[in-house]
Each structure stands twice: as C-alpha cells, then as structure tokens.
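Novice: my questions concern the predicted model and sequence given below.
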Amino acid sequence: MSFLSGLPEAARKRRTIVALQIWTDESGDKGQRGYMTIGGLMGSAEHWAAFSEKWDKRCLAPPSIRFLSTREAAGLNNQFGRFSSEQRDEKLASLMALTDDFDFHLVQVSVDLEMFEAYRPRIQQKVKPQVGDSLLQTFVGQPYFFCFYQLSVALANVLLRRLPEGEKFEWYLDEKKILSERVEAWYPLLVGLLMDDQQTIMPARPIFRDDEKEAPLQIADFVAYVVRAELSGHPHPFQAAFDRLHIGFDGVSLTYDDKALRAFFEMNLDEPVDRGLINQHITGEEWLRRLKKVLGRDIDDD
C-alpha cells in the first residue's frame with residue numbers, strides 16, 4: 001500500500017486500515033425507506049496486503065471475474081451474466097473463505113432513513129439559517145454526515161485503547177461513490193467536532209481508491225450490502241457467502257433505529273434505553289453545540 005511508504009516498516013505493517021463502502025437507495029437519501037449503511041472491515045496493512053494478493057488470484061480463478069461487484073453478483077449481470085446462481089454462490093463463498101487466514105473486524109453504522117427524516121426538522125430548526133449558507137445545509141441533518149460522524153467517534157474510542165500511543169489509523173474509501181465526495185468536503189470540520197484525544201488518532205485525510213482495483217473495498221462493498229439488506233428486510237442471495245466470512249464482531253457496529261435515534265436526540269425516554277445503542281456518544285444537544293463551535297454559527301437553545 002504505497003500511501004504508507006513514508007512510515008518505518010514495522011509501523012507500516014501494523015497501521016490499521018478501515019475500508020468502507022456505503023449502501024443506500026440510488027434515488028438519494030431524502031424520503032427513502034430502509035437503512036443507509038456505511039460499512040466494511042478493518043485490519044492491519046500487513047494483513048490487507050496479503051489478503052489482496054490472494055483475493056485477486058481467487059477472482060481470476062475459473063469461472064473468473066476481474067473484481068467483485070456485489071451489485072453485479074446480486075443481479076447476475078455483466079461479469080456474472082454467464083454464471084448460474086449456484087456458480088455465483090460458490091464463487092462468493094470461495095472469496096469470503098479467504099478471511100479465515102486474517103484478522104479482520106466488522107465496522108458498520110446504519111440509520112433508519114425514514115426515522116431520521118422524521119428527526120431532521122428537529123436538527124435543522126436549531127440552526128439559524130443564513131443567506132447562502134449551503135455549508136450548514138450540507139452538514140446538518142444529513143444522514144451521510146450523521147453516520148460518518150458516529151462511526152468516527154466510535155472508531156476513535158475503540159482504537160485509542162488498541163493502538164500504540166500517537167499512532168493513527170487510515171480511512172480507505174471508494175473514489176467513485178458519493179460518500180467520498182462528501183467526506184472530503186466535510187472531513188476537516190468533522191474532525192473538529194471530536195474530542196481532543198479522539199482527534200489525535202484521526203488520519204490527516206481519507207484515502208480514495210478505485211474499488212475495481214482494491215480488494216479491501218470490494219469486500220467492504222459486500223459487507224455493507226448484506227448488512228443494509230438484513231436491517232431493511234430486503235431479500236438477498238448472499239446469506240451463505242456472508243456466513244462464510246471469518247471476521248471479528250468486536251469492532252464497531254451501531255444501528256440507529258427509531259429507539260436509538262430518540263435516545264440520541266432527546267435522551268428523555270420513559271422506557272429503558274440500551275446504552276450500547278449510543279455507545280457512549282454525545283447527545284444531540286452536545287453535537288449541535290460542537291457544530292456551533294466549529295462552524296461559528298448561532299444555534300438556538302430552545
């Protein structure tokens with residue numbers, strides 16, 4: 001992984017790489033049903049490099065594909081157009097079985113888009129609009145930003161306990177998807193919303209690569225697809241292949257359904273709230289306070 005070339009060899013091998021993809025409806029986020037999922041896997045650069053070599057060889061083994069496109073596999077089209085469903089299932093199970101030899105961990109945050117849409121006015125009404133204030137409209141109340149921010153907080157908390165002091169991790173994102181465009185614009189302000197100790201572990205900027213050429217992004221795409229389909233109750237053909245994954249589930253896994261969103265933005269439910277749902281996250285009020293500080297905007301206290 002050439003982007004780590006400036007590090008000493010030992011640091012380069014152990015650097016944690018978080019490979020992420022996003023799955024949501026193609027029509028855009030507003031008014032959608034189901035979940036948006038940002039998800040993938042994290043592991044050391046050394047493991048990702050060895051995994052990628054095996055993955056590329058397994059893709060080219062008969063019946064061959066150039067790279068894994070989860071969408072194509074689901075639809076049995078393009079590269080998978082000549083595959084039967086049985087051949088596809090065998091190919092994917094064979095690819096997922098490669099994780100047996102490596103130490104990868106699930107990373108995902110998902111939000112119920114219909115429920116988030118119901119809470120959007122509560123977020124945006126707290127912010128006093130200004131003429132031409134497209135920056136706030138980009139950030140505040142957008143599920144992309146909400147998910148990526150929550151993932152950043154949780155991941156920083158987890159890795160602060162696991163990594164050597166002063167060591168950072170790396171984001172690895174698909175350069176072609178809308179998430180990458182938005183993250184690049186948001187990123188400096190997003191980091192500014194984090195606590196001081198969390199900021200020390202964040203990378204200087206995300207790394208964007210073509211998922212057709214990068215095995216970490218291909219398997220991340222598969223993981224995010226299945227997680228979103230399962231949460232949304234959408235049928236998919238990948239259960240057997242997903243079960244073949246050998247990954248840890250002690251990374252970061254956050255699901256914001258109606259109950260979790262209310263806990264985050266209101267924190268005044270009469271019913272008990274599973275604190276694991278919010279994973280030691282700040283309240284919606286505190287989130288807005290930090291947004292005010294970073295953006296220099298006025299936020300109502302009402």
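Specialist: Received, thanks.
Novice: strands of this protein, residue ranges please.
Specialist: For the chain, strands defined by DSSP state E occupy the ranges 16-23, 35-44, 105-112, 170-174, 207-209, 248-256.
Novice: which other residues reach the fifth one?
Specialist: The contact list for strand 207-209, computed with CB atoms under 8 Å, 6 or more residues apart in numbering, reads 3, 170, 171, 172, 173, 174, 175, 180, 184, 217. Heads up, the C-betas are built off the backbone N, CA and C, glycines and all.
Novice: please identify which of the strands of the chain is closest to residue 87.
Specialist: For the strands of the chain, the distance to residue 87 is smallest for strand 16-23, at 23.9 Å, taking CB to CB.
Novice: ok, back up a step: want to throw the contacts of strand 207-209 into a markdown table with distance to residue 89, neighbour count and pLDDT?
Specialist: Output for those, formatted as a markdown table (distance: CB to CB, whole Å; neighbours: other CB atoms under 10 Å; pLDDT from 0 to 100):
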| residue | distance to residue 89 | neighbour count | pLDDT |
| --- | --- | --- | --- |
| 3 | 34 | 15 | 41 |
| 170 | 33 | 21 | 91 |
| 171 | 31 | 23 | 89 |
| 172 | 27 | 27 | 88 |
| 173 | 28 | 26 | 87 |
| 174 | 25 | 23 | 85 |
| 175 | 30 | 15 | 82 |
| 180 | 30 | 20 | 68 |
| 184 | 36 | 14 | 77 |
| 217 | 22 | 25 | 94 |
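Novice: now, among the residues you listed, which is nearest to residue 68?
Specialist: Lowest distance from residue 68 to the contacts of strand 207-209 (CB to CB) belongs to residue 217, with 9.6 Å.
Novice: now the helices for this protein?
Specialist: Remark: helices assigned in the chain by DSSP state H are 9-14, 45-60, 70-75, 85-96, 113-124, 134-139, 143-162, 178-192, 196-199, 215-232, 239-243, 258-265, 284-295.
Novice: still on that earlier bit, can you redo the contacts of strand 207-209 as JSON lines with distance to residue 38?
Specialist: Below are these laid out as JSON lines (distance: CB to CB, whole Å):
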{"residue": "3", "distance to residue 38": "21"}
{"residue": "170", "distance to residue 38": "16"}
{"residue": "171", "distance to residue 38": "11"}
{"residue": "172", "distance to residue 38": "12"}
{"residue": "173", "distance to residue 38": "10"}
{"residue": "174", "distance to residue 38": "11"}
{"residue": "175", "distance to residue 38": "16"}
{"residue": "180", "distance to residue 38": "11"}
{"residue": "184", "distance to residue 38": "15"}
{"residue": "217", "distance to residue 38": "13"}
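Novice: give me the below-cutoff pLDDT ranges for the stretch 101-250 of the chain.
Specialist: Regions of the stretch 101-250 of the chain meeting the criterion pLDDT under 70 cover residues 121-141, 177-180.
Novice: try it again at 80.
Specialist: For the stretch 101-250 of the chain, the stretches with pLDDT under 80 are 119-142, 176-186, 250.
Novice: about what we covered before: which pair of the contacts of strand 207-209 spans the longest distance?
Specialist: It's 184 and 217 that sit farthest apart of the contacts of strand 207-209, by CB to CB, at 16.0 Å.
Novice: got a list of what the residue most central in space within the chain touches?
Specialist: The residue lying closest to the centre of the chain (CA atoms, centre = their mean) is residue 38, at 3.0 Å. Counting by CB under 8 Å, 6+ apart, residue 38 touches 20, 21, 22, 108, 109, 110, 144, 147, 148, 151, 179, 224.
Novice: which of the residues you listed has the largest number of neighbours?
Specialist: Neighbour counts for the contacts of residue 38 (other CB atoms under 10 Å) peak at residue 20, which has 30 neighbours.
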